[in-house]
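Chemist: Only the shape, not the letters, is given here:
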């Protein structure tokens, strides 16, 4: 479960800025708080801010770290990602820190990059009320080689000590992460942190299309009931989602011989794989020496009450966007995963969005976390969120850098109209608007 994320010198972030999911002392919505053993963590966070304030850059920072860990390091220089409005930053590294709750313990991982090298990397067990416990720490020596310090309990044998020495001498390249050597090191804490960064955060962009609808709908009756129930609740016109099976040759046609050949070479009996499309993906399987294609379709009732099949691309943008969210909302209910959605309000009617978010937030049996960016002021409602679940991103006028702060910093009353206060600029994070009269628009005769 995500505890906090810290970033500096990356895109619109200049000095170190922290976003966290730590619960404050507020008494409202107690079911929004998860106890991780050492700290209380929140179920959700809604991040507001003007266009260009840096909301999406926070998500890009998390995603950059996630992708770098998945690759095991960096090959290209990160210098073009640095904050460009402060000339001193050219020589400073790009830095990230992320903290998770793993098996009731807190672990913080940090890394700094400069050019195409790792200049610092570390992993600690967070002590909270006591000293942090070292797992490993890696720095660059004056000679340019990595200096790796690993806790004694992970170097009890000569083999373990020798492996660390080899990492320092030659095995660990300048752009590689020590975290990326989890398979070689076989240290549980390193393996767990890598897994959490890679797998326990799912990011959904405005243009993202969820590709796993086919296997979810075809293998899980529970998920199918959840998806269909949600679509009916929000009056999308979709009676139910179904799986349409299409002959392999008919689906691809004569012009796709190369693709068909590659698929046939790769797929084995009783196996299947997903191909990304713009409408939920397709699954290709080999069943009894025959290749079939499965895709998700929507069914509507006609005037006679009969079900008529529609391709998902024929559905409205709002319905398609809702389909992208369904697996995420199901995941929040079922798994300890953090879903991060950029521009959650895109293509969704404000009333539908509010009802959807309210439904998730009032559920007392959730297991995961929901973080999203939005401009939708109707969600600024303390009947839905706690004060510490509402965040703001604001571009500082003098430096142009992104600032992050929580509504809880203002200590607002529970009965305060947060939406009204936000739109009036009480909490910042709204556009700086010049007077339209000062724009001196020219009027032209037709």
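Modeler: That came through fine. Please read all numbers here as calculations on a predicted model, not as lab measurements.

Chemist: which regions of the protein lie under the pLDDT threshold?
Modeler: 210-212, 268-271, 278-280, 410-446 (pLDDT under 70).

Chemist: Just the helices from this protein, written as ranges.
Modeler: Assigned by DSSP state H, the chain shows helices spanning 55-71, 158-166, 182-185, 188-199, 213-219, 221-233, 248-252, 257-266, 317-334, 350-362, 418-423.

Chemist: mind checking which of the ones you listed is nearest residue 40?
Modeler: In terms of Cβ to Cβ, the element of the helices of the chain nearest to residue 40 is helix 350-362, at 16.6 Å. Where you see a C-beta, it was placed from the backbone N, CA and C, and this is true even at glycine.

Chemist: who's in contact with residue 201?
Modeler: 2, 62, 66, 337-338, 340 (Cβ atoms under 8 Å, 6 or more residues apart in numbering).

Chemist: out of these, who has the most neighbours?
Modeler: residue 2 (26 neighbours; other Cβ atoms under 10 Å).

Chemist: what's the nearest residue to it if we skip its chain neighbours?
Modeler: residue 338 (4.5 Å; Cβ to Cβ, 6 or more residues apart in numbering).

Chemist: Return the residues in contact with the residue lying closest to residue 120 once chain neighbours are set aside.
Modeler: Spatial nearest neighbour of residue 120, excluding adjacent residues (Cβ to Cβ, 6+ apart): residue 112 at 4.3 Å. Residues near residue 112 by Cβ under 8 Å, 6+ apart: 93-96, 118-121.

Chemist: swap the cut-off to 7 Å and go again
Modeler: Contacts for residue 112 (Cβ atoms under 7 Å, 6 or more residues apart in numbering) come out as 93-95, 119-120.

Chemist: could the contacts of residue 201 be laid out in TSV, adding distance to residue 193?
Modeler: Output for the contacts of residue 201, formatted as TSV (distance: Cβ to Cβ, whole Å):
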residue	distance to residue 193
2	12
62	15
66	12
337	16
338	14
340	18
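
Chemist: Between which two of those residues is the distance greatest?
Modeler: 62 and 337 (13.7 Å).

Chemist: wait, what's in contact with the residue lying closest to residue 333 once chain neighbours are set aside?
Modeler: Excluding the flanking residues, the one nearest residue 333 by Cβ to Cβ, 6+ apart is residue 366, at 5.5 Å. Contacts of residue 366 were listed using Cβ under 7 Å, 6+ apart, and they are 43, 332-333, 360.

Chemist: domain assignment for this structure?
Modeler: Using automatic domain parsing, the domain parsing of the chain gives 1-200+336-446, 213-326.

Chemist: Deepest-packed of these, please.
Modeler: Scoring the domains of the chain by mean neighbour count under mean count of other Cβ atoms under 10 Å gives domain 1-200+336-446 as the most buried, with a mean of 17.

Chemist: Figure out how far that domain is from the centre of its chain.
Modeler: Centre-to-centre, domain 1-200+336-446 and its host chain are 10 Å apart (Cα atoms, centre = their mean, to the nearest Å).
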